[in-house]
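Undergrad: Give me the fold of what follows.
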Amino acid sequence: MDTEWARTGRAFAWTYGGLLIAAGVLVTVVSVGIPPTQPDLAKHYAYVRQMWPELYVSFLLFMAAFVCLIVIAVVLREFFGRGIRSELMYASFLAAGVIGTLWMLSQIGSAQVVARDSAGMSPQDLNILGASSSIWSGVINWLQRGYLLFASLGTLWTGRLVLRQRSLPVGLGWLSIALAVFYWLGLANLLLVDAGVSFANELGSLLVALGAVLALAWSGWLGWAIGRSGGQPRTSRPVA
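TA: Residues are numbered from 1 along each chain as shown. As a prediction, the model looks like this:
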C-alpha cells in the first residue's frame, strides 16, 4: 500500500466524520419541536413542508458520508492485506454504505412526497397520505437497522484486525470495538421502541449522542493513523 492510498484513507475518514457531524447537527436542529402526527396530522405535515430544504440537505450529507464509508472499506482492505478478516470487514462496510444510502434515499422520497403533496389536502386525503407514509416509515426503520448491523460488524472486524496485526494504534482497535458495542446498543434500543417500552426514546437519544461522539473520534483517529503510517502497515506478533 503506497502513500497515495494512505492520503486517500485519511481524507475520506476525516470527510466521513465531518459529514456525519454536519448532517447530524442539521437534522437534530430541524427536528426539535416537530409536532407529532397525532392528533393534528395537518400541523405535522405543515412543519415538514417548512423544514423540507434543511431536511433535504441533511439527507444528502448523510448519503455523502455513506459513500465515504465505502471508500474507507476499500482502503482498509488494502491496508490490512487480503485475508478472511479483512474481506469480512470490507463486505460489512460495503453493505453498511449501500444500505445507508438506500436508507437516505427512502427518507428523501418519503419527505418529498409530504412536502410536495400535503398542502391544501382535505383531512381525508391527509389520512390516506399518512397511511402511505407509514408503509415508507416501516421500510426506512428496517433500513436503519440494517445499517447499524453492518456498520457494527465493520467496526468490530476493524478493531480485531488492529489488535491482531498491531498495524495501527492499539487504542484505535479498542475504540473500534467500543463503537461496535454502541451500534449493538442502538439496535437493542430500537427493539425496545418496537416493544413500546416507555423510556426507549429517551435512551435512544442518549445513545445517538454518545455514538456520534465515538464515530467522530473513530473516523478522526483512523484518518490520522492511516495518514501517519504512510501506507505501510507495521507487522507484529498477533494478540492471542
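Undergrad: Could you count how many residues lie near Tyr47?
TA: 15 (other CB atoms under 10 Å). Where C-beta positions appear, they are placed from N, C-alpha and C, glycine not excepted.
Undergrad: what's the answer for the one 4 residues further on, then?
TA: Here the neighbour count serves as a burial measure; for Met51 (other CB under 10 Å) it reads 19.
Undergrad: close enough to count as contact, it and Val30?
TA: Yes: between Met51 and Val30 there is a contact under CB atoms under 8 Å: 4.8 Å.
Undergrad: For Pro36, pull up the helix or strand it's in.
TA: Per DSSP states H and E: Pro36 is located in neither a helix nor a strand.
Undergrad: per-residue confidence at it?
TA: Predicted confidence (pLDDT) for Pro36: 71.
Undergrad: my guess is Leu55 contacts Ser110, does it?
TA: No: under the criterion of CB under 8 Å, Leu55 makes no contact with Ser110, lying 10.3 Å away.
Undergrad: Compare those two and say which is more crowded by neighbours.
TA: Legend: neighbour count by other CB under 10 Å for Leu55 and Ser110, higher for Leu55 (21 against 18).
Undergrad: Need phi/psi at the nearest residue to that one once chain neighbours are set aside.
TA: Nearest in space to Leu55, with sequence neighbours left out and distances taken as CB to CB, 6 or more residues apart in numbering, is Ala111 at 5.5 Å. For Ala111, the backbone dihedrals (degrees, to the nearest 10) come out as phi -70, psi -30.
Undergrad: Who are the contact partners of Ala111?
TA: Taking CB atoms under 8 Å, 6 or more residues apart in numbering, we find Ala111 in contact with Val48, Trp52, Leu55, Tyr56, Phe59.
Undergrad: who's in contact with the second one?
TA: Spelled out, it's Trp52. So Trp52 contacts Ala111, Gln112, Ala115 (CB under 8 Å, 6+ apart).
Undergrad: any idea how far Thr155 is from it?
TA: For Trp52, the distance to Thr155 equals 33 Å [CB to CB, to the nearest Å].
Undergrad: ok, how many other residues are close to Pro53?
TA: 10.
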